[in-house]
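1. just to be clear, the model below is a prediction. Sequence and coordinates:
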Amino acid sequence: MRSADRSGIRWLLAELPELRASGVLTEETAEALRRHYSSQLSEPPRRLGFILSAILGSLLVGAGIVLLVAHNWDFLSRPVRCAIAFTPLVLSQALAIFVLLRRNGSAAWRETAAILNVASIGTTIALVSQTYQIQGDYARFILVWMLLALPIVYLFRTSVGLSAWFVGATVWVWLPKAGDFFGARPNDLWVWSLLVLGVPAFVTLLRRDRNGHGTLLATITLAIAAAFSLGQTDEIGAQSFWRCSFAAYWTVLYLVGAAWFKDWRPTRPHPFVALGWIGTLSLALFLSFQESWRTRQWQNAVDLVAPHYPDLLAGGIQIAWVMAALFFAGYAFWKNREANLAPAALTPMAVIAWGIAKKTGNPLAPSLLLNFFLLAVGVLTLLRGNRAGRAVEANLGMLVIAILATARFFDSEFEFVVRGIAFIAIGLGFLATNLVLFKRRVRA
Amino acid sequence: MKHWRLIVFVLVAFAQIAAPASLIWKREQTLRRGGVWKFRTAPVDPVDAFRGRYISLQFEAESQEISPPPNASSGQTVFTTLKPNAEGFAEIDQVFSSRPAGDDFIEAELAGKTVKLPFDKYWVTERDAPAAESAYRAQNRRDKRNAFVTVRIFRGDAAIEQLYLDDQPLGEYLRQSATVK
């Protein structure tokens, strides 16, 4: 069953007397409905407020401790400072043991104990580093902190802790690193293993509370971490391929919202639907300019021909994203026809356009392809919206077409004649669409 | 196994304590057993959000041209031995790609024909960092640049002991310059 939308239930209960009076529902049916939904309403709410304030409070305390420590009390001797450094850690561990023994059933207690413990690990390492003038780069500090915190995510089943893990991975991938293993830059690829380490916890969270707020937070932080990691991977792998890998990224994001979380709320789509639309349209619009396909990298022979092992691995990850997006789109098309899958066509379009640009080095054909994609998405969405009588969707379709038209008007790449013809075509298409829809509405 | 979470947590808690404790252990070894070297330096004052305020150090020894070991590439970890120059400050003696014999060497990073030392931060209080920087700038203007750190070195590890301005430890120097004003 869909997660209860409490305001919707309240609305339904308020409507019941009128429905009964007008004879739409019989006395018994109305009573049965009232009983069924009242029981849901009187169920204890998920105590979101309590959990949130517990989390916020512990975050503030944690941040306060970090700031106090950052002040650096140089008038204290080394042993005293070390004792202070270990105090928050030991206290948070004591609290964690208490929660495991006595309050394991309470999400608020678990989240609080986990956050305090995770914050105190970082504090202790930082204060010891300060006291002993220990150097070492920031990336390693974050990594040690994260790895010591990872078991907490699993032991305490904490959604905020899991989100913090993904945020940590995002921070880590952007920090400069030492050059061991793959070398300074390619070491960023390890971020994918960090993300994978969080996946089992993420799957458990999805199973336990699919439509909860904590799950949404973890999903968003995972998406952000994946975006940053993919950006760094594109730098290491085939650089010009970022067009395809990010098209795949937005496709996956959109499909997760539109197909996978289609039962998110009875009245609202998942936030990823909106994010996916924004990302897909922005990227497609950018790629619809010829300028975005004009790059020296096409002539660069090493683009995609990987000279080293890490570059090959990065290229593989880029391609894996594209494959995942295509597979996901195919699955959604097969299983879930009622969702609007047009934006998912961005990935195959970007791949074809990239292939053409790579082969010919000519920016015209790829940019035209993306223009065609935007036009098709706009028209299809408009048609879908009108057919189903959904004004928001119809307007979204028209918005896409309008954005495309505006972009082309300011595009100095095309000659006036080409621009003129394109505008006439778009205008005629627009008129024809509306005419057909209007006629059908009148007939209906 | 009702309490498996507890058992796992106790192990994790032990690791959480062991990680910073091992840092302390290693550093105490170096501070107790390592030899003292003086590095001439130039301090500036940045902030680190998590670890507080520090004085960023640049060393004369880092601009010294060295002969890198054969087959070593930039960014690789190398081991350097030190020698004192005429004024008693540390200079880089030899650079190896593997650990040399003896206790007096440090792990560093090869940067072309120079070496990047494994320490560049001196943690201080929020109050002292800007004072230390402006004191150093003032000294620099009067053309008697005299800042150095003492570092204890033991089998690769290097532990900064104290930052000196004008031959006085930082705290003392700042106290004195405050009373002079």
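-> Done, it's in. Numbering: from 1, shown residues only, chains lettered A, B, ... in the order given.

2. contacts only, for the spatially most central residue of chain B.
-> Chain B has B:Phe119 as the residue nearest its centroid, 3.2 Å off, counting by CA atoms, centre = their mean. For B:Phe119, the contacting residues are A:133, A:135, B:57, B:149, B:151, B:158, B:160, by CB atoms under 8 Å, 6 or more residues apart in numbering or on different chains. Just so you know, the C-beta spots here come from the backbone N, C-alpha and C atoms, and that holds for glycine as well.

3. list the buried residues of the helix or strand containing B:Tyr164.
-> Assigned by DSSP states H and E, B:Tyr164 belongs to strand B:157-165. Buried residues in strand B:157-165, counted by 16 or more other CB atoms under 10 Å in any protein chain shown: B:157-165.

4. looking at those residues, which one is closest to chain A?
-> Closest approach to chain A among the buried residues of strand B:157-165 (CB to the nearest CB): B:Ile160, at 4.1 Å.

5. contact partners for the closest one?
-> Shown in contact with B:Ile160 (CB under 8 Å, 6+ apart): A:133, A:135, B:119, B:122, B:149-151.

6. ditto for B:Phe148
-> Neighbouring residues of B:Phe148 by CB under 8 Å, 6+ apart: B:38-41, B:89, B:163-164.

7. at 7 Å what do you get?
-> Contact analysis of B:Phe148 by CB atoms under 7 Å, 6 or more residues apart in numbering or on different chains lists B:38-41, B:89, B:164.

8. which of the three states applies to it?
-> Going by DSSP: H, G, I helix; E, B strand; the rest coil, the secondary structure assigned to B:Phe148 is strand.

9. hey, what's it bridged with?
-> The partner list for B:Phe148 in beta bridges (DSSP bridges) reads B:Arg40, B:Tyr164.

10. how about the one 10 residues further on?
-> According to DSSP bridges, the residues that bridge with B:Ala158 are B:Ile153.

11. look up how far B:Gln76 lies from it.
-> Using CB to CB, to the nearest Å, B:Ala158 is found at 18 Å from B:Gln76.

12. next secondary structure element downstream of the lowest-mean-pLDDT helix or strand in chain B?
-> Sorted by mean pLDDT, DSSP states H and E, the helices and strands of chain B end with strand B:47-48, the least confident at a mean of 61. Per DSSP H and E, the first helix or strand lying C-terminal to strand B:47-48 is strand B:52-59.

13. adjacent strands (with direction) for that next one?
-> strand B:35-44 (antiparallel), strand B:47-48 (antiparallel), strand B:121-124 (antiparallel).

14. and the helix or strand just after that strand, what's buried?
-> Beyond strand B:52-59 in the direction of the C-terminus, DSSP H and E gives the next helix or strand as strand B:77-84. For strand B:77-84, a neighbour-count test (16+ other CB under 10 Å) marks B:78-82 as buried.

15. sorry, back to before: what is the nearest of the contacts of B:Phe119 to B:Thr179?
-> Set against B:Thr179, the nearest of the contacts of B:Phe119 by CB to CB is B:Val149 (24.2 Å).

16. and A:Asn187, how far from chain B?
-> Distance of A:Asn187 to chain B, computed by CB to the nearest CB, to the nearest Å: 11 Å.

17. surely that residue and A:Lys177 touch.
-> Yes. Between A:Asn187 and A:Lys177 there is a contact under CB atoms under 7 Å: 4.6 Å.

18. now stretch A:236-250: mean pLDDT?
-> For stretch A:236-250, the mean pLDDT works out to 89.

19. I'd like the distance between A:Gly378 and chain B.
-> Distance, A:Gly378 to chain B, using CB to the nearest CB: 45 Å.

20. residues in contact with that residue?
-> Counting by CB under 7 Å, 6+ apart, A:Gly378 touches A:397, A:400-401, A:404.

21. and the next helix or strand past the strand holding B:Tyr164?
-> Later in the chain than strand B:157-165, the nearest helix or strand by DSSP H and E is strand B:168-169.

22. so in chain B, which helix runs the longest?
-> In chain B, assigned by DSSP state H, the helix with the most residues is helix B:4-33.
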